[in-house]
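[1] Next come a sequence and a model predicted from it.
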Amino acid sequence: MTPMPPRGSSQGGLRQYNERVVLQALRLHGPLPAAELARLTQLTAQTISMITRRLLDDGLLRKGVPLRGRVGQPSVPLSLAPDGAFALGIKVGRRSLDLFLMDFAGAVLERWSVGHHFPDPDRLLPEITTRVADARRRLGNGRRDRLQGIGIAQPLQLSSWHELLGADAEVAAKWDRVDLRAEVEARTGVTTHLLKDTAAACLAELVVGRGQGLRSYLYVFVDTFVGGGLVLDHQLHSGHQGNAGAVGSLPLARSVHDGAPPAQLLSVASLVTLEQAWRRAGLADSAATDGRAMSGAWAAITRQWLDEAAAGLALAADSAACLLDLDAVVIDGAFSPDLRDALVAATQQALNRHDGRGAMRPSLVSGSLGADAGALGGAWLPLVVNFAPDRALFLKADRA
C-alpha cells in the first residue's frame, strides 16, 4: 500500500517543521512541482512558495527541467540538492572500521575501510581523525562547511566479547574507559552522534530500504554476532539504555541442564558460529561474503548452521510478534545475498512449524543494504537530527 506523506501546517510558528516536511516529501517521492508538494503536504500554495524559495536560497533544493503540459505554464520539478549537505558515517565493527562520506541525496561519495582482528580505540581514534580530514579535503573549500556531522555505529559492550573472538583482554577492557563519541568530537571539531551498530543499520533500512513500507517490525542483522533494532509506528525505538532490539541475547527454548541458563540466540545465529565450523573443517572462513557458502565443501556445514539459526530466529520472531503485534521481521546481514535469502527461507519454514494461534504472525522480509547498513545508518544520523521533521527519525506517515 502506498504510504501517505507527512502533513505540514500553515499556522504560524511552524516554519522549521514545515521546511522539514517539504524536504521529507521530496526524499520520499522524488522530484515534485510546487503544486504537487502542496497537495501531498496539505500546505497552502503560498506557504509552499515561501518554503521552497528559502530552501533554494539555502542550497538544499534545486530546480529541474520545466515540464510542459497541455494547459497553462510549465511546472518546474524541485528535488533535493546533493551538495546541499553532507555527513560522515562510521561503523566500528569487530573486524573492520568503515567510514562513508554521504551527500544530501544519500549517495556515498567516498568510503574507507581498515581491517583489524579486534578494534583497539587507541588505534581507531587516530585513523578516524585522519579520515575525517581526508573527507574535508574531498569536499573542498566550497562544500566542507556543509558537513552536518558524524554518526557512529558501534556495538555495545565491546569488552564482553574478546574471549569468543580470541582478542587481547587488555585491549578489550579499553572500551570500558573510552567515550568514543566525545573523543571523536573533540579530535575533529565536528558534532558527533552515536547509536548501537544494529540500531544504526535498522535506521538505514527504515530511511532508504524496505522499512519505508512497514509500520512496525523487528530488524535482525546477522554479523559476527547477531543483533537487531526495533521500529514501532514508523519510529526507531532505541530504548532508555540504547539497546532495544537486542535479539542476540534472547534465550532459546532449550531444556536447562545442571542449572545452566538456556543458550542465547547469538550462540546459533551469529556468523562467528558458522565461521568456526568452517575452520574446524579446514575451510576458509571468508565464504559468507563471496558466494561460496552455499556450494562446494562449505554447503553441508552451511545447511546445518541455517537449520539451527533459522530455528532460533523463528522463535525470536514469534516471541516478538506476541509481545509487540509486528507487521514484519526484516532479516539482513554482513553476508552475500544468496546466504541472506537462504536464511530468510529457512526461517520461514521453521516459523511455519510453530503454533500461531492467538497471535498475528509477521511476514519475513529480506533486508536490502547488507554489510553497508551500519555505516550508512551512521551517516544518516546527522541528517536526521538536522533535517527530519522529527529529530529522532525521518517522519513516516501512516499507510493509506
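    Yep, it's here.

[2] which one is C322 nearest to, not counting chain neighbours?
    Nearest non-adjacent residue to C322, counting by CB to CB, 6 or more residues apart in numbering: A359, 4.7 Å away. Just so you know, the C-beta spots here come from the backbone N, C-alpha and C atoms, and that holds for glycine as well.

[3] quick one: the one you found and L351, what's the gap?
    11 Å (CB to CB, to the nearest Å).

[4] isn't T198 right up against F225?
    No - if you go by CB atoms under 8 Å, T198 and F225 don't touch, sitting 9.2 Å apart.

[5] biggest helix in this structure, by residue count?
    helix 299-324 (DSSP state H).

[6] ok, the residue lying closest to R292 once chain neighbours are set aside - how many residues close by?
    Among residues not flanking R292 along the chain, W298 sits closest, at 5.4 Å (CB to CB, 6+ apart). Close neighbours of W298, defined as other CB atoms under 10 Å, add up to 22.

[7] do L28 as well
    Residues near L28, counting by other CB under 10 Å: 19.

[8] circling back: neighbour-wise, which of T198 and F225 wins?
    Taking other CB under 10 Å, T198 and F225 do not tie; T198 has more neighbours (30 against 24).

[9] So which elements touch the longest helix of the chain?
    Counting by 3 or more CB pairs under 8 Å, 6 or more residues apart in numbering; DSSP states H and E, the packing neighbours recorded for helix 299-324 are strand 217-222, helix 266-269, helix 271-280, strand 328-333, helix 337-352.

[10] Tell me which of these is the most buried.
    For these, average neighbour numbers computed from mean count of other CB atoms under 10 Å are highest in strand 217-222, which has a mean of 29.

[11] domain assignment for the chain?
    15-80, 85-202+375-387, 210-368 (automatic domain parsing).

[12] can you list these in JSON lines and add mean pLDDT?
    Shown next, in JSON lines, are the domains of the chain (pLDDT from 0 to 100):
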{"stretch": "domain 15-80", "mean pLDDT": "90"}
{"stretch": "domain 85-202+375-387", "mean pLDDT": "94"}
{"stretch": "domain 210-368", "mean pLDDT": "92"}
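
[13] rewinding a little: now the common contact residues for T198 and F225.
    P155 (CB atoms under 8 Å, 6 or more residues apart in numbering).

[14] if we can go back for a sec, list residues touching both of A359 and L351?
    With CB under 8 Å, 6+ apart, A359 and L351 have common neighbours D318.

[15] Beta-bridge partners for V329, please?
    V329 has these beta-bridge partners by DSSP bridges: L218, L364.

[16] who touches it in this structure?
    217-220, 313, 316-317, 320-321, 347, 362-365.

[17] for R177, same thing?
    No contacts exist for R177 under CB under 8 Å, 6+ apart.

[18] With A200 instead?
    Per CB under 8 Å, 6+ apart, neighbours of A200: G89, K91, G151, A153, A373, G374, G377, G378, W380, L381.

[19] In which helix or strand does the second one reside?
    What that stands for is K91. strand 86-92 (DSSP states H and E).

[20] ok so, going back, and which of the contacts of V329 is nearest G106?
    Y219 (18.7 Å; CB to CB).

[21] Could you double-check that A35 lies in contact with S75?
    Yes - the criterion here is CB under 8 Å, and A35 meets it with S75 at 6.5 Å.

[22] Of these two, give the one with the bigger neighbour count.
    Of the pair A35 and S75, S75 is the one with more neighbours under other CB under 10 Å, namely 16 against 11.

[23] give me the beta-bridge partners of that one?
    L67.

[24] Can you tell me the strand partners of the following helix or strand past the strand holding K91 and which way each runs?
    Scanning forward in sequence from strand 86-92 by DSSP H and E, the next helix or strand is strand 96-103. In its sheet, strand 96-103 lies beside strand 86-92 (antiparallel), strand 108-115 (antiparallel), with partners assigned from DSSP bridges.

[25] now those as TSV including distance to R62 and mean neighbour count?
    Formatted as TSV, the strands paired with strand 96-103 follow (distance: least, CB to CB, whole Å; neighbours: other CB atoms under 10 Å):
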stretch	distance to R62	mean neighbour count
strand 86-92	15	27
strand 108-115	17	14
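
[26] quick one: which of those strands is nearest G142?
    Short answer: strand 86-92, nearest of the strands paired with strand 96-103 by CB to CB, at 11.6 Å.

[27] pull the CA atoms of the closest one into CSV?
    C-alpha atoms of strand 86-92 as CSV (Å, rounded to 0.1, in the frame of the first residue of the first chain):
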residue,chain,number,x,y,z
PHE,A,86,27.0,16.1,3.8
ALA,A,87,27.5,13.6,6.6
LEU,A,88,30.1,11.1,7.7
GLY,A,89,29.1,7.6,8.9
ILE,A,90,31.5,5.5,10.9
LYS,A,91,30.9,1.8,11.7
VAL,A,92,33.1,0.3,14.4
